[in-house]
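Sequence below, structure please.
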Amino acid sequence: MGNMMRGVSAKNKVDTDNLDSSIKGDEDDMVVVLQDYPSPEISMPIYRMGDKLQIIAQEAYWLRVRSVQTGKENYIPNSHVAKVYHGWLFEGVERQKAEELLLLPGNRVGSFLVRESSRERGLYSLSVKHRMVKHYRIFRLDNSWYYISPRLTFQCLEDMINHYSDSADGLCCALTSPCLSGTTPPLDASPGAPPVVMRCNFDWKKVDRKQLVSSDSYSDNMVSYGVRNSIAAYMSFSGDQDSIQLRGDSRKRKSKSMYALPENDF
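Modelled structure (predicted):
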């Protein structure tokens, strides 16, 4: 296999003349917590390792942030967080910390992150969760192309991630999802949220045939109007006389039940 060059959309196109800034783009407002803050020895932590935070403002050595999970705002020292770009490029995360993040609950096999060296800008490593966390050094050619294996080079990190997401191609496994991408906000319990419907199961073998074709009040029947009508239609094909009566009665009762007011003592 030769050099890999994937088509890059105008939105994600990388300018190789200014590669580092192009990779990071304008997504410098997202960080991930590297250690609990404050320390559990001091008080109950406000933020836990692995929490994703959105930067609201930066004040000297502090960041005012908003939790992606809860939406709550607070302050955290910038030494306790790492900036994240594109969801998978972590700035200044060391090998050991990358392992701790990838081993957090919610990360599955194939979860990954690309970490930029804190010692020398432009040096990257790929960390992947498998049976254990595996690390791969990402090398950079003089022409600014990247590679893990010399037989396969990529114009940008995005192309590399895309390729190894399609196939392991020498890695321990194919890349599945960025580290901590399984962290999602809680379900919205607001009045506008769609209702949750609880269904009661029953055994069809225990259903009395008379309940399916009975013309009694629907309110006492365990089978809905739509299901009853479908059953009646099926039974009519087999020549069942009870079903013919059911369909006739159901049309009359449906027109009444659709517009009848409930009986109450107003």
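
Quick check: pLDDT value at the nearest residue to Trp62 once chain neighbours are set aside.
Nearest residue to Trp62 in three dimensions, chain neighbours excluded: Tyr75, at 5.1 Å (Cβ to Cβ, 6 or more residues apart in numbering). No exception for glycine: its C-beta is placed from N, CA and C like everyone else's. Note for Tyr75: predicted pLDDT of 95.

Also Lys97?
In the predicted model, Lys97 carries a pLDDT score of 95.

ditto for Gly248
57.

same deal with Val68?
Val68 is assigned a predicted lDDT (pLDDT) of 89.

roughly how far apart are the residue nearest to it when sequence neighbours are not counted and Asn162?
For Val68, ignoring the flanking residues on the chain, the nearest one in space by Cβ to Cβ, 6+ apart is Lys52 at 4.1 Å. Counting by Cβ to Cβ, to the nearest Å, the separation of Lys52 from Asn162 is 23 Å.

Neighbour count: these two, which is higher?
Remark: of Lys52 and Asn162, Lys52 carries more neighbours, 21 against 15, as counted by other Cβ atoms under 10 Å.

Please list all residues in contact with the more buried one.
Under the criterion of Cβ atoms under 8 Å, 6 or more residues apart in numbering, the neighbours of Lys52 are Met30, Val31, Val32, Val33, Ser67, Val68, Gln69, Val84, Leu180, Thr183.

for it, which residues make a bridge with it?
Beta-bridge partners of Lys52, counted by DSSP bridges, are Val32.

all strands for the stretch 101-250 of the chain, in order.
111-116, 124-129, 133-140, 146-147, 153-154, 177-178 (DSSP state E, counting those that start in this stretch).

With respect to burial, which of the ones you listed scores highest?
Stretch with highest mean neighbour count among the strands of the stretch 101-250 of the chain: strand 111-116 (a mean of 25; mean count of other Cβ atoms under 10 Å).

Strand partners (parallel or antiparallel) of that one?
Paired with strand 111-116 in the same sheet, following DSSP bridges, are strand 89-91 (parallel), strand 124-129 (antiparallel), strand 177-178 (parallel).

now the ones you listed as CSV including mean pLDDT and distance to Glu116?
CSV is the format used below for the strands paired with strand 111-116 (pLDDT from 0 to 100; distance: least, Cβ to Cβ, whole Å):
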stretch, mean pLDDT, distance to Glu116
strand 89-91, 94, 5
strand 124-129, 97, 6
strand 177-178, 96, 15
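
okay, these in TSV with distance to Ser43 next?
As requested, those are exported to TSV (distance: least, Cβ to Cβ, whole Å):
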stretch	distance to Ser43
strand 89-91	27
strand 124-129	31
strand 177-178	31
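
Of all these, which one is nearest Ala168?
Judged by Cβ to Cβ, the one of these that comes nearest to Ala168 is strand 124-129, at 9.4 Å.

Only C-alpha atoms, please: export that closest one in CSV.
Written as CSV, here are the backbone C-alpha positions of strand 124-129 (Å, rounded to 0.1, in the frame of the first residue of the first chain):
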residue,chain,number,x,y,z
TYR,A,124,2.6,13.1,18.8
SER,A,125,1.8,9.6,20.1
LEU,A,126,-1.3,7.5,19.6
SER,A,127,-2.7,5.7,22.6
VAL,A,128,-5.3,2.9,22.1
LYS,A,129,-7.3,0.9,24.6
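
Ser79 is nearest to which of the strands of the stretch 101-250 of the chain?
It is, among the strands of the stretch 101-250 of the chain and with distance given as Cβ to Cβ, strand 111-116, at 16.5 Å.

Identify the residues contacting the closest one?
Contacts of strand 111-116 (Cβ under 8 Å, 6+ apart): 88-95, 98, 101-102, 122-129, 138, 157, 161, 175-179, 181-182.

tell me the pLDDT at Leu101?
The model reports Leu101 with a pLDDT of 96.

picking that back up, checking the residue nearest to Trp62 next. Helix, strand or coil?
The local conformation at Tyr75, judged by DSSP: H, G, I helix; E, B strand; the rest coil, is strand.

How about the contacts made by it?
Counting by Cβ under 8 Å, 6+ apart, Tyr75 touches Trp62, Leu63, Arg64, Val65.
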